[in-house]
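[1] Output the structure for:
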Amino acid sequence: MKLLTTRDAAERLGISVQRIHALIKGQRLPAQKMGRDYLIAAADLKLVKDRKPGRPRTRTRLKTEKTKTWGPRTTE
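    All right, here's what the predicted structure looks like:
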């Protein structure tokens, strides 16, 4: 089993090290803590490789986006 550092995993996935830490914290990417660093099995990268980019939309955000108006407010 080949183990990768967070930096190596980030390079392979094309994302930032901070995003790797967020995936670990969110329990979407298994990792072992060794001292102050995390080690990730290379085979586990496939668990997050095909994830959707960006933040998922919520019902509240969808509702507020529909009611947004652009431009100056009128008080008629």
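
[2] who are the neighbours in contact with the residue nearest to residue 1 when sequence neighbours are not counted?
    Leaving out its chain neighbours, the residue that sits closest to residue 1 by C-beta to C-beta, 6 or more residues apart in numbering is residue 41, at 5.5 Å. Every C-beta, even on glycine, is put in place using the N, C-alpha and C of the backbone. Residue 41 sits next to 1, 2, 3, 4, 30 when contact means C-beta atoms under 8 Å, 6 or more residues apart in numbering.

[3] Most neighbours among those residues, which one is it?
    Most neighbours among those, by other C-beta atoms under 10 Å: residue 4, with 19 neighbours.

[4] does that residue really touch residue 37, like I thought?
    No - look at residue 4 against residue 37 with C-beta atoms under 8 Å: they stay out of range, at 10.7 Å.

[5] got the end-to-end distance for stretch 23-43?
    Its start and end residues considered, stretch 23-43 measures 15 Å (C-alpha to C-alpha, to the nearest Å).

[6] repeat for stretch 27-35
    End-to-end distance of stretch 27-35 (C-alpha to C-alpha): 19 Å.

[7] Need the residues that contact it.
    3, 6, 9, 20, 23-24, 38-41, 44-45, 47-48, 51.
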